[in-house]
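Chemist: For reference, the sequence and a predicted model appear below.
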Amino acid sequence: MKVLVSAYACNPSGSVHLHPGEDLTGWRLVEQLGRFHDLWVISHSYNKPGVESARPTGTDGSPQFFFVELPAALKWLYRIEFGQRIYYYLWQIKAWRVARRLHKEIGFDIAHHVTFGNDWIASYIGAFLPVPFVWGPVGGGQRTPKPLRSEHSLYGRFAEDTRNIAQWFGRRDPVRRRAIRRAKAVLVCNRETRDLVPERFRDKVVFFPVNGISGDDILPGPVGAREAGAFRVLTAGRLHRLKGFALAIRAFGRFASERPGARMLIIGKGPEEERLNRLIEEMGLGDSVRIQDWLPRNEVLKAMRSSDVFLFPSFRDGGGAVVVEAMASGLPVICLGSGGPGSHVRAEWGIKVSPSDPDRVALEMGRALKTLHDDEGFRAALGEAARKRAAEYYLWDALGERLHEIYRSIVPGPRGSEDPSGVNLRA
């Protein structure tokens, strides 16, 4: 089929300073769709160097990219946290104009909005391009659990309230409503987002992860610290208020007070670094907790392979790519039972903690660390089950085949006959 893809973020190098998770997700999904269909991809211009260094465009077998950006006078919006979403909304309008021109020349069979994976900002291409439309995978329904709002600063609570208000208006935007009404399938990555899809459109919802892995990421064999008495806890991500790293440090501190040989490594960089270092110092954990600057992805995976547990108390991650990578590395995961991480983790391969008040969460996560430290057999069984789950459900090639099945189920005629495999696409 001739497929138009809207991928604002689509970058194989995963630009650290902009949208590393979204960039890589967009690129991987485009790669998978290109296995089965002819693609025309509309993306933002910041992705151009990364895309062109990875693959020449406009040649046989390669997606054709069209890079779009707004006037330079609007770049100041990116210096404001919520301003980025305003810029993105305006970019959608310009991308639709490009899509309309391309459709007149090419005649697309389907349009697919891939990134941003956000359910509350309208897709103009989805709303107005007169072809079958697929939206997602999207998140956005998750919020910081109310008991954990006290973990935010005054500014952080203001930012959360502003986001919630913007979401309320965004979901009532007539263009967004038209897009979801026209969509043949709405791919969602967590239950909180599914629950915000209007009831009359729930039959369009398909659960689909926003994160995946390659076969090379799944390595056989045991993981964990090799030194006698050592126990290594790992966490990683942008050092941002939403990731809950302060909770992770407090949970580890409770646990390490009884297990002084334990160590925790935090991999990441961001605005919370100074605050987290102060907390480490105040708790007297300077010898057992270390913050490591950003590492290349292969180095992060290596660190996972030499750790025993992955601790990730993020408040409202829609996906949580590092959780899937930890599972693929054979690590049991401790996380909150909400958002994307809560969707990834089940009792067979991890421990989920109810998002209650912060002291309670730190206590429960500390107990979970103690359980996994004291019972090596249980820890190994969870890790092996996590690796098996990653191999069965999160491989990019398998996700690409599932997208192909979804396309065939919604596009009639010889180019998209109904799927004969009997796969339940709503699972």
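Modeler: Looks like it came in fine.
Chemist: For this protein, name the helix or strand with the lowest mean pLDDT.
Modeler: None of the helices or strands of the chain scores lower by mean pLDDT, DSSP states H and E than helix 339-344, at a mean of 83.
Chemist: buried stuff in the following helix or strand past that one?
Modeler: Following helix 339-344 in sequence order, the next helix or strand is strand 350-353 (DSSP states H and E). For strand 350-353, the neighbour count (16 or more other C-beta atoms under 10 Å) marks 350, 351, 352, 353 as buried. For the C-beta atoms, the positions are set from N, CA and C on the backbone; glycine is no exception.
Chemist: rewinding a little: and the least confident helix or strand of the chain, what does it pack against?
Modeler: Counting contacts by 3 or more C-beta pairs under 8 Å, 6 or more residues apart in numbering; DSSP states H and E, helix 339-344 is packed against helix 321-328, strand 333-336.
Chemist: Pick out whichever of the buried residues of strand 350-353 sits closest to residue 342.
Modeler: Checking the buried residues of strand 350-353 against residue 342 by C-beta to C-beta gives residue 352 as the nearest, at 5.9 Å.
Chemist: wait, what's in contact with the most centrally placed residue in the chain?
Modeler: Against the mean C-alpha coordinate of the chain, by C-alpha atoms, centre = their mean, the closest residue is residue 319 at 3.3 Å. Counting by C-beta atoms under 8 Å, 6 or more residues apart in numbering, residue 319 touches 21, 25, 117, 139, 189, 190, 209, 210, 211, 340.
Chemist: most surrounded residue in these?
Modeler: Within those, residue 189 tops the neighbour count with 30 neighbours, counted by other C-beta atoms under 10 Å.
Chemist: leaving aside the residues next to it on the chain, what's closest to it?
Modeler: Leaving aside its sequence neighbours, residue 189 sits nearest to residue 210 (C-beta to C-beta, 6 or more residues apart in numbering; 4.1 Å).
Chemist: wait, the one you found sits on residue 324?
Modeler: No. Counting by C-beta atoms under 8 Å, residue 210 does not reach residue 324; the two are 9.5 Å apart.
Chemist: For the residue nearest to the centre of the chain, give me the pLDDT.
Modeler: We have a pLDDT of 79 for residue 319.
Chemist: ranges for the helices of the stretch 301-427 of the chain?
Modeler: Along the stretch 301-427 of the chain, counting by DSSP state H, counting those that start in this stretch, helices occupy 321-328, 339-344, 358-374, 376-393, 396-410.
Chemist: Pull out the buried residues from the shortest one.
Modeler: Neighbour counts using 16+ other C-beta under 10 Å place 339, 340, 341, 342, 343, 344 of helix 339-344 among the buried residues.
Chemist: picking up where we left off before, mind putting the buried residues of strand 350-353 into TSV with distance to residue 129?
Modeler: Shown next, in TSV, are the buried residues of strand 350-353 (distance: C-beta to C-beta, whole Å):
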residue	distance to residue 129
350	41
351	45
352	40
353	43
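Chemist: Out of the residues you listed, which is nearest to residue 79?
Modeler: residue 353 (35.7 Å).
Chemist: ok, that closest one to residue 166 distance?
Modeler: Residue 353 is 29 Å from residue 166, where distance means C-beta to C-beta, to the nearest Å.
Chemist: Can you check the pLDDT for the nearest residue to residue 78 once chain neighbours are set aside?
Modeler: Nearest residue to residue 78, sequence neighbours excluded (C-beta to C-beta, 6+ apart): residue 84, at 5.5 Å. Looking at residue 84, its pLDDT reads 86.
Chemist: Residue 84 is in what secondary structure piece?
Modeler: helix 83-106.
Chemist: any idea how far that helix is from the chain center?
Modeler: Distance of helix 83-106 from the chain centroid (C-alpha atoms, centre = their mean, to the nearest Å) equals 23 Å.
Chemist: So which elements touch that helix?
Modeler: Contacting helix 83-106 under the criterion 3+ C-beta pairs under 8 Å, 6+ apart are the following elements: strand 2-7, strand 38-44, strand 64-68, helix 124-128.
Chemist: Show me what the last one is packed up against.
Modeler: What that stands for is helix 124-128. Packed next to helix 124-128, using 3+ C-beta pairs under 8 Å, 6+ apart, are strand 2-7, helix 83-106, strand 110-115, strand 133-138, helix 174-182.
Chemist: now swap in the second one and tell me
Modeler: With contacts defined as 3+ C-beta pairs under 8 Å, 6+ apart, the packing partners of strand 38-44 are strand 2-7, helix 20-33, strand 64-68, helix 83-106.
Chemist: could you give the angle of the longest one to strand 2-7?
Modeler: Here helix 83-106 points in a direction 170 degrees away from that of strand 2-7 (axes from the mean of the first three to the mean of the last three C-alpha atoms, to 10 degrees).
Chemist: picking that back up, tell me the most buried of the helices and strands packed on helix 124-128?
Modeler: strand 110-115 (a mean of 28; mean count of other C-beta atoms under 10 Å).
Chemist: who does that one pair up with?
Modeler: Using DSSP bridges, strand 110-115 pairs in its sheet with strand 2-7 (parallel), strand 133-138 (parallel).
Chemist: Other residues contacting the helix holding residue 84?
Modeler: Helix 83-106 is contacted by residues 2, 4, 6, 8, 40, 42, 44, 66, 68-70, 74-78, 108, 111, 116, 121-125, 127-131, 166 when judged by C-beta under 8 Å, 6+ apart.
Chemist: possible to save the helices and strands packed on helix 83-106 as JSON lines with mean pLDDT?
Modeler: Putting the helices and strands packed on helix 83-106 into JSON lines (pLDDT from 0 to 100) gives the following:
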{"stretch": "strand 2-7", "mean pLDDT": "96"}
{"stretch": "strand 38-44", "mean pLDDT": "95"}
{"stretch": "strand 64-68", "mean pLDDT": "94"}
{"stretch": "helix 124-128", "mean pLDDT": "96"}
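Chemist: So for whichever strand or helix holds residue 165, what gets flagged as buried?
Modeler: Residue 165 is located in helix 154-170, with elements delineated by DSSP H and E. Across helix 154-170, burial judged by 16+ other C-beta under 10 Å covers 156, 159, 160, 163, 167, 170.
Chemist: Same question for stretch 112-131.
Modeler: Using 16+ other C-beta under 10 Å as the test for burial, stretch 112-131 gives 112-129, 131.
Chemist: Start and end of it, how far apart?
Modeler: This stretch, stretch 112-131, spans 10 Å end to end (C-alpha to C-alpha, to the nearest Å).
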